[in-house]
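Trainee: Kindly generate the corresponding structure for this input.
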Amino acid sequence: MACCRLTLRDDILPFWRSWVVVLVPLLLCPLPLISNTKEAWCGYGVLIIASYWMTEALPVAATALLPTVLFPLFGVLDTSTASQQYMTSTNLLSMAGLMVAVAVEKSNFHTRAALRVVLTVGSSVKWLMMGFMGITMFFSMWMSNTATTAMVAPMVEAVVENLTEKMDDSEDEPVTEKEETRQSERDVETLNMEPAGFDEISTELTEKKPATTMTVEQLRPPLFLCVAYAANCGGMGTLTGTTPNLVLRGIVEQYYGTETGLSFASYMLLGVPTMLLCTLIGWILLIVIFLGPRYLLKDPTDPARIAAVRRSLQDRYDALGPIKFHESAVFTLLCLLVALWFFREPQFMPGWNVLFTETNIDDGTAGMLIVALMFMIPARPRFWCLKGGGFAVAEATTESGLCTWLGEQLTSLDVLPNPVIILLIAIFITMLTEVCSNGAIASVMLPVMAQLAVSLRVNPLYLMLPTTLSCSFAFMLPVATPPNAIVFGAGNLKSKDMLRAGIVMNLLCVCVTMLVIPTLGNAVFDLDTFPDWANTTIPI
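Mentor: Below you'll find the model as predicted:
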């Protein structure tokens, strides 16, 4: 028996990824063998890809290339159709966004902006959290959530170290302060022959005591978790903020064309308020759970510790030196890019795209224009494939008829009120995104939601928007998103810290979705009506 256990430990477990790669297709092969249909073969391929994505038995990017192998072999798509999904206009937009993000990181503008914001909002614990969340949320709208978290986490670590050092150094300070105060009061009492007012002194020192007894275990979870929460929420703000948003755009245009009203500007009108509301809820929740409700009204942090943190942050900012041309040029081009994206088709007014009547100019063109300018403008003058895999999966599910079949099976939901359907979708997707890649979930579920909406005769965006937003509600587990994993390791957090705050955060964000979809979403996208563009036959 001992020998068997040794063999299991030494010969099987170290190679579990290889076992997953081999066993998953074998265990799933009865599906196409029992039902030898195109839908079954497509489902077989989707389940294999989804399993590899969930377990990361293969690198995620390598798994994203499997549709070009599996679907042609299974007779679902031809190679040309599958490979075309890797260079769509949405992928071009994504590539442009990534290149601009790399330029921002290269210039180090994001570090300067982060330090400036944190210094501006203040150095007490709750305002530090607000500053870290604000800058993380903003950059996550335009940059990778992972890169943004990796940028901010070292700053949080420096703040925690300064707070801890000051806390250790100040253990004897209350005694000295008390003795000096009493001595001065004795002098006053000798001159005035009046009581020294020890009650007031005692009260003042008692109020300061809780701040000096705060442990590093109390400070680490809220300061690090606030960064992960803000990174996850920030991705909801723009179409380029996170993979599910880009998948939504690609699938909507693939199924319904460009006349759906979904544009960079219209999505921001829904995404930005949702992002801000979820971030604010996360800030309040972390303060209440880890620091106590009293911190919302009055921060008892020792002023000496606040001053030490501010000096440390100021030293980091001063070390950057004056603003360089490289930074200012990147910031200017970033602002120009946002303006081009927002005003291409803002819905509430004619956009600049009306100037081009012969051709349809997309956001990807604007993005690549800015990228070209970044290559043209010198930094120091002298005076793409993961999302393609998702789109290929979506194309295969529609081409084979799998999403149509799934949508028809779900039409039994028509007995439920529409808000209940949204609630069930949001909860289901939120649970999935804790253990699966949010891009993979969006790639598999959005085509199904599109077909379900047509079957239920509701606006497809009514189901697809909450599905997309819910893909970002991953606050419970360290493995749910890269930002969660980064702060979990950097902050030496415990799983229970993430769980007790994450469960509540997930539920509150689902409630936010239930609030914004029928209100703000309806105002922007007219979700109450079944639009003419939805009558377009979904490609099968």
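Trainee: The stretch 401-540 of the chain: helices as residue ranges?
Mentor: Ranges of helices within the stretch 401-540 of the chain are 402-409, 418-433, 438-456, 460-470, 482-490, 495-516, 522-525, based on DSSP state H, counting those that start in this stretch.
Trainee: hang on, isn't Pro32 packed against Val46?
Mentor: No - Pro32 is not in contact with Val46 according to C-beta atoms under 8 Å; the separation is 11.6 Å. To be clear about C-beta, it is placed using only N, CA and C from the backbone, and glycine gets the same treatment.
Trainee: more crowded one of those two?
Mentor: Shown here are Pro32 and Val46; by other C-beta atoms under 10 Å, Val46 has more neighbours (24 against 18).
Trainee: what mean pLDDT does the one helix or strand the more buried one maps to have?
Mentor: Element membership for Val46 (DSSP states H and E) is helix 38-55. Average pLDDT, helix 38-55: 85.
Trainee: go on, stretch 268-281?
Mentor: Across stretch 268-281, the average pLDDT comes to 93.
Trainee: Show me what it is in contact with.
Mentor: The contact list for stretch 268-281 (C-beta atoms under 8 Å, 6 or more residues apart in numbering) reads 133-134, 137, 141, 229-230, 233-234, 236-239, 241, 245, 342, 347, 465, 469, 505, 508-509, 512-513, 516, 520-521, 524-525.
Trainee: returning to that earlier point: which residues are in contact with the helix holding Val46?
Mentor: The contact list for helix 38-55, computed with C-beta under 8 Å, 6+ apart, reads 17, 20-21, 24-25, 28-29, 31-32, 34, 57-58, 60, 63, 66-67, 70-71, 74-76, 389, 393, 396-397, 399-402, 405, 435-437, 440, 444.
Trainee: can I get the CA coordinates of that helix in PDB?
Mentor: What follows is helix 38-55, C-alpha atoms only, in PDB (Å, rounded to 0.1, in the frame of the first residue of the first chain):
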ATOM      1  CA  LYS A  38     -22.800  18.500 -35.800                       C
ATOM      2  CA  GLU A  39     -24.100  20.000 -32.600                       C
ATOM      3  CA  ALA A  40     -22.700  17.100 -30.600                       C
ATOM      4  CA  TRP A  41     -19.300  17.300 -32.200                       C
ATOM      5  CA  CYS A  42     -19.300  21.100 -31.500                       C
ATOM      6  CA  GLY A  43     -20.300  20.500 -27.900                       C
ATOM      7  CA  TYR A  44     -17.500  18.000 -27.600                       C
ATOM      8  CA  GLY A  45     -15.000  20.500 -28.800                       C
ATOM      9  CA  VAL A  46     -16.300  23.300 -26.600                       C
ATOM     10  CA  LEU A  47     -16.200  21.100 -23.500                       C
ATOM     11  CA  ILE A  48     -12.600  20.100 -24.200                       C
ATOM     12  CA  ILE A  49     -11.500  23.700 -24.700                       C
ATOM     13  CA  ALA A  50     -13.500  24.900 -21.600                       C
ATOM     14  CA  SER A  51     -12.000  22.100 -19.500                       C
ATOM     15  CA  TYR A  52      -8.400  23.100 -20.500                       C
ATOM     16  CA  TRP A  53      -9.200  26.700 -19.800                       C
ATOM     17  CA  MET A  54     -10.700  26.000 -16.400                       C
ATOM     18  CA  THR A  55      -7.800  23.700 -15.300                       C
END
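Trainee: Show the subsequent helix or strand relative to that helix.
Mentor: As assigned by DSSP H and E, the chain's next helix or strand after helix 38-55 is helix 60-64.
Trainee: That following helix: what's the following helix or strand?
Mentor: The helix or strand immediately downstream of helix 60-64 is helix 67-73, counting by DSSP H and E.
Trainee: Can you give the distance of the helix or strand that that following helix is followed by from its chain's centre?
Mentor: Using DSSP H and E, the helix or strand that follows helix 67-73 in sequence is helix 79-84. Between the centre of helix 79-84 and the centre of its chain there are 30 Å (C-alpha atoms, centre = their mean, to the nearest Å).
Trainee: quick one: contacts of the following helix or strand past helix 79-84?
Mentor: Following helix 79-84 in sequence order, the next helix or strand is helix 89-107 (DSSP H and E). Outside helix 89-107, the residues within contact range by C-beta under 8 Å, 6+ apart are 110, 139, 142-144, 147, 151, 239-240, 246-247, 249-250, 253, 324, 326-327, 329-330, 333-334, 337, 362-368, 370-371, 374, 379, 384, 387-388, 391.
Trainee: ok, of those, which come out buried?
Mentor: By neighbour count, with 16 or more other C-beta atoms under 10 Å, the contacts of helix 89-107 hold 110, 139, 142-144, 147, 151, 239-240, 246-247, 249-250, 253, 324, 326-327, 329-330, 333-334, 337, 362-368, 370-371, 374, 387-388, 391 as buried.
Trainee: Which of those residues fall in helices?
Mentor: 110, 139, 147, 151, 246-247, 249-250, 253, 326-327, 329-330, 333-334, 337, 363-368, 370-371, 374, 387-388, 391 (DSSP state H).
Trainee: those helices in the stretch 201-350 of the chain, which residues are they?
Mentor: Residue ranges of the helices in the stretch 201-350 of the chain, as given by DSSP H, counting those that start in this stretch, are 216-234, 243-256, 264-286, 294-297, 303-319, 325-342.
Trainee: okay, the ones you listed, which one's buried deepest?
Mentor: Ranked by mean neighbour count under mean count of other C-beta atoms under 10 Å, these are led by helix 216-234, which reaches a mean of 26.
Trainee: From the contact counts, what lies against that helix?
Mentor: Secondary-structure packing of helix 216-234 (3 or more C-beta pairs under 8 Å, 6 or more residues apart in numbering; DSSP states H and E): helix 125-140, helix 145-169, helix 264-286, helix 482-490, helix 495-516.
Trainee: and the angle for it with helix 418-433?
Mentor: Angle, helix 216-234 to helix 418-433, by axes from the mean of the first three to the mean of the last three C-alpha atoms, to 10 degrees: 120 degrees.
Trainee: quick one: helix 216-234 to chain centroid distance?
Mentor: Its chain's C-alpha centre lies 13 Å from the corresponding centre of helix 216-234 when counted by C-alpha atoms, centre = their mean.
Trainee: re the thing from before, pipe the helices and strands packed on helix 216-234 into TSV and attach distance to Val458 per row.
Mentor: Putting the helices and strands packed on helix 216-234 into TSV (distance: least, C-beta to C-beta, whole Å) gives the following:
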stretch	distance to Val458
helix 125-140	31
helix 145-169	31
helix 264-286	17
helix 482-490	33
helix 495-516	16
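Trainee: weakest of those by average pLDDT?
Mentor: The minimum mean pLDDT among the helices and strands packed on helix 216-234 belongs to helix 145-169 (a mean of 71).
Trainee: Name the nearest residue to the residue most central in space within the chain, sequence neighbours excluded.
Mentor: Nearest residue to the geometric centre of the chain (C-alpha atoms, centre = their mean): Asn232, 2.3 Å. Distances taken as C-beta to C-beta, 6 or more residues apart in numbering put Ser472 closest to Asn232, at 5.4 Å, once the chain neighbours are dropped.
Trainee: What separation do you get for Leu248 and Phe488?
Mentor: 28 Å (C-beta to C-beta, to the nearest Å).
Trainee: and the closest residue to Tyr256 other than its chain neighbours, what is it in contact with?
Mentor: Spatial nearest neighbour of Tyr256, chain neighbours left out: Trp533 (5.0 Å); criterion: C-beta to C-beta, 6+ apart. The contact partners of Trp533, by C-beta under 8 Å, 6+ apart, come to 256-257, 259-260.
Trainee: Need phi/psi at the residue nearest to Ala329 when sequence neighbours are not counted.
Mentor: Nearest in space to Ala329, with sequence neighbours left out and distances taken as C-beta to C-beta, 6+ apart, is Ile377 at 5.6 Å. Backbone torsions of Ile377, given as degrees, to the nearest 10, read phi -80, psi 120.
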